[in-house]
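> turn this into a structure:
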Amino acid sequence: MQKFEYIIIGSGQGGTPLARALAQAGKETALVESTHINGTCINEGCAPTKTLVASARAAYLARRGGDYGINTGNVTVDLKKVRQRKRAIVDSFRDGSEGRLRQLENLELIMGTARFSGPKTLKVTRTDSSTVEIQAQTIVIDTGTRPAVPRLEGVEQVPYLDSTSIMELEEVPEHLLVIGGGYIGLEFGQMFRRFGSKVTIVHRGDQLLRREDEDISAEVLKILQEDGIEVHLQGKTIRVEPAHGKRDGRISLYFEKEGQICEVTGSHLLLAAGRKPNNAALNLVAAGVETDSRGFIRVNNRLEASAPGIYAIGDINGGPAFTHISYDDFRVLKTNLLDGGGATTENRQVPYTVFIDPQLGRVGLSEKEAKKAGVEYWVATMPMSWIARALEVDESRGMMKVLVDPDSKRILGCAVLGIEGGEIMAMIQIAMMAGLPYTALRDGIFAHPTLAESLNTLFGQLG
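Below you'll find the model as predicted:
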C-alpha cells in the first residue's frame, strides 16, 4: 500500500494544475490517468476541434477568394494533412504537459485505471496490467465525460461517428448526417460542410442551441443554411439502418417531423446527442460517493462529494461542461486546500463561445432566463452589418444582444454572434466583472476601425 497526502484521479484541466500546485507546495501527491494527460480538452475537445475549425475556415475563405477580388482556382481539401496538423498540435500540448509533470518533486504520475476498494483506498491497474494499491485522506475525482450513444433503433447495425472518431477520418464524407443541434453538432456540421461534404442536421428541438434566445438561435440557423447545410428542426429520430439497393453501403436515417416519417440517406453518421460521465470503472459505491440520476457525482458549492475528503471537479460533477469552468474548479480547491480560504462556486460567471463561424459568445443572463427569473431589464440588439470593420472584412453576418439592469445600469448579460464574437463577449464580461454601468462602454473611446467600437453603437441604443 502506497500512502499519499492527496490522490487525483484524472488529468483534466482541473486535475492537472491541482496536482502541480499540491506537489509544488510539498504535498505528496499521486496523479492517476487512464489514457492520456490533459483530458478531453487537449486530446479530443478544444485543441483538436478548434484546429480543425481553423482549417475549415481557411477552405471557406479560399473558396470565397473571388468575393475579395482574389482568384484562387479550384480548392480541394487534403483531410489527411488536416488531420496531421491537428495531431501535431495535440501531441505538442500533451507531451509538453506530461514532461513537466514528470519532472515535479512530490508527484507520482501513475498511468492506469483507478477503482475504489474502500472509502480512501484505490486499486490501480496500470497500463502494463500490473496493479498497485494507493491511499490518501483527500481524493479528487476529475474523470470527465465521453460521447453518449443515444437509444436509437438500429444504431448498433450501422457504422457511426462520435466527436472523437470523426476527427480521425482520412477522407471528406460525401454526405454527413448529424443527429443533434447542440454545440458539437453545429461545429462539426459547419466544419465538414466547409471541407466539402453535403451536411444534414436533424434536431429534435424547435430551435438550435436550446439555451439561447430564439432570435439568436434563428440567426444561427440562417447562417448555417446560407452555408448550404440542411437543417431539420423538431425532427424526432426513429431509427437508422443500412441503406439498400442502389444506395448500398450508405446509411438511412428515419425521423418524424410534423406527423410525417422522413428519410434521409448519407455516407456517414455523426451522433452528437450529448455526453455521459466516466464513472463506470470507479466503483463509487465502495467510497460512499453519491451520483445523480444521470451518473454525475453530486457536489456542494465547495465541490465536496457526499463522502468526507472526496471532491469532484470538471465535467464529472455535472456542472457546466467547459474547460474554463474545470479550471475554476481547480482555483476553488487550491484556495481551500492550500491557502485556507473559503472559495465556492456560487454566482460565478459562466462565459462560453460556440465555435461556429462566425462565433457565438455569451455570458450572463439571456432574455428568456431573465423573463423566467422575473428580472427587470432593458434590451438592445444590433445586426453585425452595422459595424464598419465587419463590412470591411466581408463577414457581417450575425447580431449582438445585451441586457441591462434599469436601476443600477449594470450589464446583466450579452450574446455576440459575429466575427470574433467570443472576444467581443469577453470585453463586455470584463465590464460586468468590474461592475461598470453600460454607459462606460457607450461612451468609451475605442480605436477605429475595430470590432470593439461596436459597443458604442450597441449600448447607445439604450440612451
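
> where does pLDDT dip in the stretch 101-250 of the chain?
245-248 (pLDDT under 70).

> ok, now how distant is the residue nearest the centre of the chain from G314?
The structure's the chain has its C-alpha centroid closest to F322; by Cα atoms, centre = their mean the separation is 5.3 Å. Distance of F322 to G314, computed by Cβ to Cβ, to the nearest Å: 10 Å. Yep, even glycine has a C-beta here, placed from its N, CA and C like the rest.

> again with D215
32 Å.

> likewise for E369?
24 Å.

> the more surrounded of the two?
G314 (29 against 15; other Cβ atoms under 10 Å).

> how close does the more buried one get to T16?
Taking Cβ to Cβ, one finds G314 at 10 Å from T16.

> overlap in contacts, the two.
Common contact partners of G314 and T16 (Cβ atoms under 8 Å, 6 or more residues apart in numbering): G39.

> just the helices in the chain please.
With DSSP state H as the criterion, the chain has helices at 15-24, 39-43, 46-63, 79-102, 183-195, 214-226, 284-287, 323-333, 367-373, 388-392, 421-434, 438-442, 454-460.

> count of neighbours near T457?
15.

> and what of the one 5 residues further on?
Neighbour count of L462, defined by other Cβ under 10 Å: 15.

> just to revisit the earlier point, among the helices of the chain, which comes closest to G235?
helix 183-195 (12.1 Å; Cβ to Cβ).

> quick one: the closest one to helix 46-63, angle?
Put simply, helix 183-195 runs at 30 degrees to helix 46-63, going by axes from the mean of the first three to the mean of the last three Cα atoms, to 10 degrees.

> who are the packing partners of helix 183-195?
Contacts defined by 3 or more Cβ pairs under 8 Å, 6 or more residues apart in numbering; DSSP states H and E place helix 183-195 against helix 46-63, strand 175-179, strand 198-202, helix 214-226, strand 268-271, strand 352-354.

> the fifth one packs against which elements?
For strand 268-271, the packing partners by 3+ Cβ pairs under 8 Å, 6+ apart come out as strand 175-179, helix 183-195, strand 251-257.

> ok, F188 - contacts?
Contacts of F188 by Cβ under 8 Å, 6+ apart are 49, 163, 166, 176, 178, 270, 272.

> mind checking how far it is from H36?
21 Å.

> same question, R348
28 Å.

> can you check V155 too?
27 Å.

> more neighbours: which of R348 and H36?
Comparing R348 with H36 by other Cβ under 10 Å, the one with more neighbours is H36, at 18 against 15.

> ok, now how distant is that one from Q2?
23 Å.

> over to Y183?
40 Å.

> same thing with V379?
Following Cβ to Cβ, the distance that separates V379 from Q2 is 58 Å.

> compare Y183 and Q2 and say which is more crowded by neighbours.
Between Y183 and Q2, counting by other Cβ under 10 Å, Y183 is the more crowded of the two (22 against 15).

> for T49, see how far away the residue nearest to that one when sequence neighbours are not counted is.
Once flanking residues are discounted, Y183 sits nearest to V354: 5.1 Å by Cβ to Cβ, 6 or more residues apart in numbering. Computed as Cβ to Cβ, the V354 to T49 distance reads 11 Å.

> joint contacts of those two?
Common neighbours of V354 and T49 (Cβ under 8 Å, 6+ apart) are E187.

> any idea what the residue nearest to Y183 is bridged to?
L360 (DSSP bridges).

> and it, what does it touch?
Contacts of V354 by Cβ under 8 Å, 6+ apart are 183, 186-187, 209, 360-361.

> which of those sits closest to I8?
Using Cβ to Cβ, the contacts of V354 come closest to I8 at Y183, 27.2 Å.

> rewinding a little: quick check, nearest of the contacts of F188 to V124?
Looking across those and measuring by Cβ to Cβ, the closest to V124 is S163, at 27.6 Å.

> give me the neighbour count for the closest one.
Residues near S163, counting by other Cβ under 10 Å: 23.

> distance of it from G182?
From S163 to G182 the distance is 11 Å (Cβ to Cβ).

> end-to-end on stretch 30-49?
End-to-end distance for stretch 30-49: 30 Å, by Cα to Cα, to the nearest Å.

> what's the burial count for Y6?
Other residues close to Y6 by other Cβ under 10 Å number 24.

> neighbours of G421, just the number please.
Neighbour number of G421 under other Cβ under 10 Å is 27.

> tell me the spacing between it and T49.
Counting by Cβ to Cβ, the separation of G421 from T49 is 17 Å.

> same check, this time on A114
27 Å.

> what of R210?
Distance of R210 to T49, given as Cβ to Cβ: 20 Å.

> looking at those two, which is more packed in?
Under the criterion of other Cβ under 10 Å, the comparison of R210 against T49 puts T49 first, with 22 against 12.

> which residues are in contact with the more buried one?
Here T49 is in contact with 163, 167, 187-188, 191, 355 (Cβ under 8 Å, 6+ apart).

> would you turn those into JSON lines with distance to I89?
Formatted as JSON lines, the contacts of T49 follow (distance: Cβ to Cβ, whole Å):
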{"residue": "S163", "distance to I89": "17"}
{"residue": "M167", "distance to I89": "12"}
{"residue": "E187", "distance to I89": "17"}
{"residue": "F188", "distance to I89": "18"}
{"residue": "M191", "distance to I89": "16"}
{"residue": "F355", "distance to I89": "15"}
